[in-house]
Structure formats: structure tokens, C-alpha cells
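>>> here's my sequence, what's the structure:
(4 chains)
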There are 2 protein chains.
Amino acid sequence: MEETRGQLEASVGFWMGITYRKLSTMLQQRLRPYGLTPEQWSVLYTIQRSDRLIQKEIAELTHKDKPTTTRILDQLEEKGFITKKVGELDRRAFVVHATDKGREVIKETASIEQSLSEEVRSIMTDEEYRLLINILLRVHDHVDAKLQS
Amino acid sequence: MEETRGQLEASVGFWMGITYRKLSTMLQQRLRPYGLTPEQWSVLYTIQRSDRLIQKEIAELTHKDKPTTTRILDQLEEKGFITKKVGELDRRAFVVHATDKGREVIKETASIEQSLSEEVRSIMTDEEYRLLINILLRVHDHVDAKLQS
DNA sequence: ATCAATTAGTTGCTATGACAACTATATACC
DNA sequence: GGTATATAGTTGTCATAGCAACTAATTGAT
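The predicted structure follows:
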């Protein structure tokens, strides 16, 4: 079956990228009316869920590097979804929290992300789903460990 | 186990993205000495494998859109890995083929991509690997069908 | 207490990808 | 044959990500 899919079918990495981008595009289309991209959504969701995080913590939770986090936060701030406040204990750090508008947009859009997740989940068995997550985490951790060295 | 991984663990899409980027970064680091990125590598590999493709075909085989394909081909051409020739039958199209230098660099680097693929494959059973590919394709096809409409 | 090393965040550069608007050529319809 | 439509490719814009170099504040070592 895979033989009909082009020359790179043997490389699970390429298929992971292709499938991920398709999923991301679909979420992007559904979120567009709310003025959020999928990555902005995930950052805002993380902020709103655990309020009073600093950027470093947001970066860790969302698995983004610091420059990417800075820029996504800039966009969320421009759109009025978050505010940044210089840390009281550590004046290098910014404490980020969601505005009412930010909490509101997450409330409105949470079902969009959730329904896409459920849609994906529905095309496989629970056992397959569990295994998929498990394999992704194993691959991630393996490669992550190698990248440190 | 997944509960310790942050707030987005329920969304397989986010984990697919995070894991894919880790894999891509690792391949990027290993390919760097050869002056190729993972995406450039996959395009050049595809060209060198089925010579005399036109850009549209390359785009389809590598699952990239036309603008992205144009730009990656521009970079490969600048580096002397490919040449473009106006099509004889269809003067809108460019026939792309790999130069000796392009074929040489794929020969030198094929083992890098292969060993990373094998490394990934080694951290799961054959059955898990088969299932992973199969699930990725199913998700891809499902979302792809939805995106058309 | 001072100076070095660490840490939080920013800025710049490059690559990729989605999307829209565009040019040039080819095909179809009448 | 001429016009409408489709197709191949390009260009521009924005968002994300990796990487390197940077600033400012903090911590640590003596």
C-alpha cells in the first residue's frame, strides 16, 4: 500500500511531517475566524490554563524555543489576548497572564480543537490511539536524548 | 505517563508536530556538513531517483505546494545540485534533473537518512512500526479528504 | 563586596509552509 | 480561428522554527 505513496514512504519522519502539516492546516482554517493560528492557540491555551507563568515556563510547556515564544507572545499581546508584567522577584522575567478577551476566545474555541482531536481519534481504535501517543513520546525522548550530546 | 507531559497531551496533533520537529532537527544537524537541509534532501533525493521530472510532479511526490517547491529548487540550483530545462512539449513546464554533483551528494548522504530511519525504527517493534505508518496515512487521508470540501 | 558565570528574554537571519495574486503557455469550446 | 478556461510556475506576505549573538538581571565563588 505504501508503495503507491512516493519514494519516501520508508521514512516515518517524512510522513509524520506531512500528516502533521495537514492537521495543522485544518485547525488553522477552523480557527481563522477567531484570529488565532494553531500555535498561538496552544500558547494561549497553556497560559490561560496555568495562569501567571513566565515565558521560560511557557516555552517549556509548549516545547518551543525562547525566540519563538517571544514572537508568539508578541502577537498575542498585540491582539489583546495576554499582558506581560515584569516579575517582582526576578526582574529579568515577565509574568504572562491571559486577559478577559484571551480567556473568552479560548472558551469559544476550545471545542474546535477538541472536536478535531476527537475526529482524529475516531479514525483509530482506542488501543491504536494509546499506542500512537506512546510511540510518538518514545521517538521524541530518544531523539531528544541524542540531541543533547 | 502522558499526564506529566504538559497540558496538550490529549492532542495527538501537537505531539506529532513536536516529535516531527525533533526528528527534523536531528537530520538537519547530520546533513549540515553537506550543505543540505532535510527538505532539500528529500527533494533532491526524489529528483535523482526519478530523473526528468517536472516541478509539478516533484511537488506531488514530496507533498509540497508549488511555491515551496519553486524555492527549494532555486536553492538546489544555486548550489549546483540540479538544473532546469524548459520542457520541449510544454514550454510552461521545467524539466528538472540532478547534476553529477547532486547525484554525488545523495550517494554520500543516503546512509545518513537511512541510519536515522533505522534508529527510529529500532525503538519500536516491526508491528508497531507498520501500525504507525498505517495510522499516519489514515489520518492524512482523512484530513486531506476533509480539506478538499 | 566584586567579578565571573548563569539565566530570561530579545533581535537578526535563514528555511519552510500556507495562501493569494500574478504571468505565460496550453487546451477546449464554439 | 478566436476566446474562455485550465495549468505550470513565480512572487509576495505572514507564521513558525532553528540557530547565533546579544542585553540585562541574577547568582555564585572567592
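>>> make sure residue A:36 is indeed in a strand.
No: Residue A:36: not assigned to a strand; according to DSSP: H, G, I helix; E, B strand; the rest coil it is coil.
>>> next one: it from residue A:47, what distance?
12 Å (C-beta to C-beta, to the nearest Å). The C-beta positions use only the backbone N, C-alpha and C, and glycine is treated the same way.
>>> who does residue A:85 bridge with?
With beta bridges defined as DSSP bridges, residue A:85 has these partners: residue A:95.
>>> got the contact list for it?
A:94, A:95, A:96, A:97 (C-beta atoms under 8 Å, 6 or more residues apart in numbering or on different chains).
>>> quick one, which of those residues has the minimum pLDDT?
Note: of those, the lowest pLDDT belongs to residue A:97, at 94.
>>> which element is it on?
In this structure, residue A:97 sits in strand A:94-98 according to DSSP states H and E.
>>> any part of that strand near DNA strand D?
No: with C-beta under 7 Å from any atom of the strand as the criterion, DNA strand D is not reached by strand A:94-98; the gap is at least 11.1 Å.
>>> does any part of the next helix or strand after that strand sit near chain B?
Next along the chain after strand A:94-98, taking DSSP H and E as the criterion, comes helix A:100-122. Yes: against chain B, helix A:100-122 shows contacts by C-beta under 8 Å from any C-beta of the partner chain at A:113, A:116, A:117, A:119, A:120, A:121.
>>> so which residues make contact with helix A:100-122?
So helix A:100-122 is contacted by A:23, A:26-27, A:30-31, A:34-36, A:41, A:44-45, A:47-48, A:76, A:80-82, A:98, A:129, B:10-13, B:139, B:142-143 (C-beta under 8 Å, 6+ apart).
>>> in it, what counts as buried?
For helix A:100-122, the buried set under the neighbour-count rule, 16 or more other C-beta atoms under 10 Å in any protein chain shown, comprises A:102, A:103, A:105, A:106, A:109, A:112, A:113, A:116, A:117, A:120, A:121.
>>> check which element follows it along the chain.
Next element after helix A:100-122 (DSSP H and E): helix A:126-148.
>>> that following helix near chain B anywhere?
Yes: contact between helix A:126-148 and chain B, assessed by C-beta under 8 Å from any C-beta, occurs at A:128-129, A:131-140, A:142-144, A:146-147.
>>> element containing the nearest residue to residue A:140 once chain neighbours are set aside?
Excluding its sequence neighbours, the residue lying closest to residue A:140 (C-beta to C-beta, 6 or more residues apart in numbering or on different chains) is residue B:19, at 4.3 Å. Element membership of residue B:19, judged by DSSP H and E, is helix B:12-31.
>>> just checking, what packs against whichever helix or strand comes after that helix?
Next helix or strand after helix B:12-31 toward the C-terminus (DSSP H and E): helix B:38-49. Under the contact definition 3 or more C-beta pairs under 8 Å, 6 or more residues apart in numbering or on different chains; DSSP states H and E, helix B:38-49 sits against helix B:12-31, helix B:55-62, helix B:66-78, strand B:94-98, helix B:100-122.
>>> need the CA coordinates for the longest one. PDB is fine.
By that I understand helix B:100-122. Only the C-alpha atoms of helix B:100-122 are listed here, as PDB (Å, rounded to 0.1, in the frame of the first residue of the first chain):
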ATOM      1  CA  ASP B 100      26.700  14.900 -11.200                       C
ATOM      2  CA  LYS B 101      27.300  16.900  -8.000                       C
ATOM      3  CA  GLY B 102      23.700  16.400  -7.000                       C
ATOM      4  CA  ARG B 103      23.900  12.600  -7.500                       C
ATOM      5  CA  GLU B 104      27.200  12.500  -5.700                       C
ATOM      6  CA  VAL B 105      25.900  14.300  -2.600                       C
ATOM      7  CA  ILE B 106      22.900  12.000  -2.400                       C
ATOM      8  CA  LYS B 107      25.200   9.000  -2.700                       C
ATOM      9  CA  GLU B 108      27.200  10.400   0.200                       C
ATOM     10  CA  THR B 109      24.300  11.200   2.400                       C
ATOM     11  CA  ALA B 110      21.800   8.400   1.700                       C
ATOM     12  CA  SER B 111      23.300   6.500   4.600                       C
ATOM     13  CA  ILE B 112      22.600   9.400   7.000                       C
ATOM     14  CA  GLU B 113      18.900   9.500   6.300                       C
ATOM     15  CA  GLN B 114      18.800   5.700   6.300                       C
ATOM     16  CA  SER B 115      20.600   5.300   9.600                       C
ATOM     17  CA  LEU B 116      18.300   7.900  11.200                       C
ATOM     18  CA  SER B 117      15.300   6.000   9.800                       C
ATOM     19  CA  GLU B 118      16.700   2.800  11.200                       C
ATOM     20  CA  GLU B 119      17.400   4.300  14.500                       C
ATOM     21  CA  VAL B 120      13.800   5.400  14.800                       C
ATOM     22  CA  ARG B 121      12.600   2.000  13.600                       C
ATOM     23  CA  SER B 122      14.800   0.300  16.200                       C
END
